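**Student:** what follows is a protein structure lacking sequence information:
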């Protein structure tokens, strides 16, 4: 089987360009990982990873059809952007040594077979030798694709790198393959494997789970294996404010669905999610307090606006899973959030008001009327009812 034929014409040219320079230098070069897996599964290929038994920088400088490249000296990896628009990750075959389970590995250059041993699952540990046109499959990955199973490359895999637990869920649900070594996952979790890695590494994997089409199944797999407990009525509760269309909304939905506060802390104390989102999560308890003390009580539009206009959109989306508040929030989002007066300070000045302290009171009064009664022409209303407005303001300030 010639795997290169499965690519588009421009992609083939880019691959052969790299392979040609490797051949001149007598360097073995391979397609590896997900791209090989997806070709064998008859799925579209997105990311092209090429592994070589040598340093990519020795090849990159010889390529004549590239636009630019990025090279990471520490890991001997590079991303190459070709003039025809193709992007390829070119990396050196490497061995990974985990001195402590959960730690980031030490990396040294090696052969393709040892490189495949470091990979997470057998279906991802298949290589295609570009120069010789043959598959390399030391761990029966092709057989496991045919038998539809997700199996780690070796017995210590989940302890060695616990992030593979999340990736097992991702591939199992994406391809509808059962996990062969689920007892190994349970063993790793029972022995607190996730405690050996940082919040950032955990959240990075959870975000990848939430980017998948079958993200709900991924999250349910996390619950099945005891990673966190969920309130199912919220996990599956779409609404028109927070509706799962974006990754951001899926993360919010997951956060409000998690029962234990200690598990929700993962979403607060990390550097992966954006700052606004982390701040909203940190304010969650305060938001729930505001909901009970203010928002759940009957409020007119203006009072609702004063409270909600101080909140970010992420905070409002968190509140949207409170059924008692939904219609109030929806009304705010669709009708009030961008409310703006046509009246400005200069208009008030033209009516002979010289006391600057009254400006704010007049504007707030008009905004309240606009939100609660729906007046459209605030300028005309102000001109025709100035005396009444001033009386109301004066009485209120006594």
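**Tutor:** Okay, I see it. The shown structure was predicted, so the numbers you read here are calculated from the model rather than taken from an experiment.

**Student:** the strands in the stretch 101-250 of the chain, which residues?
**Tutor:** 106-109, 127-129, 134-136 (DSSP state E, counting those that start in this stretch).

**Student:** ranking these by burial, who's on top?
**Tutor:** Ranked by mean neighbour count, the strands of the stretch 101-250 of the chain are led by strand 127-129 with a mean of 22 (mean count of other C-beta atoms under 10 Å). All C-beta spots, glycine's among them, are computed from the backbone N, C-alpha and C.

**Student:** ok, back up a step: just put the strands of the stretch 101-250 of the chain in TSV and tack on distance to residue 87 and mean pLDDT.
**Tutor:** What follows is the strands of the stretch 101-250 of the chain, written out as TSV (distance: least, C-beta to C-beta, whole Å; pLDDT from 0 to 100):
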stretch	distance to residue 87	mean pLDDT
strand 106-109	23	78
strand 127-129	19	97
strand 134-136	24	97
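
**Student:** relative to residue 309, which of the ones you listed is closest?
**Tutor:** Ranking the strands of the stretch 101-250 of the chain by proximity to residue 309 (C-beta to C-beta) places strand 106-109 first, at 51.0 Å.

**Student:** strand partners (parallel or antiparallel) of that closest one?
**Tutor:** When pairing is defined by DSSP bridges, strand 106-109 lines up against strand 94-97 (antiparallel).

**Student:** so how far is the strand it pairs with off the chain centroid?
**Tutor:** Relative to its chain's centre, strand 94-97 lies at 28 Å (C-alpha atoms, centre = their mean, to the nearest Å).

**Student:** and that strand, which residues are buried?
**Tutor:** If you call a residue buried by 16 or more other C-beta atoms under 10 Å, then strand 94-97 has these buried ones: 94, 96.

**Student:** what residues does it touch?
**Tutor:** 75-76, 105-110, 114-115, 117-118 (C-beta atoms under 8 Å, 6 or more residues apart in numbering).

**Student:** again, only using 7 Å
**Tutor:** 105-110, 114-115, 118 (C-beta atoms under 7 Å, 6 or more residues apart in numbering).

**Student:** go on, stretch 139-159?
**Tutor:** So stretch 139-159 is in contact with 40-41, 101, 116-117, 119-123, 125-126, 135, 164-165, 168, 171-172, 177-181, 184-185, 188, 193, going by C-beta under 7 Å, 6+ apart.

**Student:** one more pass at 8 Å, please.
**Tutor:** Residues outside stretch 139-159 that contact it (C-beta under 8 Å, 6+ apart) are 37, 40-41, 101-102, 116-126, 135, 164-165, 168, 171-172, 175-181, 184-185, 187-188, 191, 193.

**Student:** mark which of those are buried, thanks.
**Tutor:** Going by neighbour count (16+ other C-beta under 10 Å), those have 37, 40, 101-102, 116-126, 135, 164-165, 168, 171-172, 175, 177, 179-181, 184-185, 188, 193 buried.

**Student:** now the contacts of strand 94-97 in TSV, with distance to residue 349?
**Tutor:** TSV is the format used below for the contacts of strand 94-97 (distance: C-beta to C-beta, whole Å):
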residue	distance to residue 349
105	69
106	72
107	70
108	75
109	75
110	78
114	79
115	75
118	73
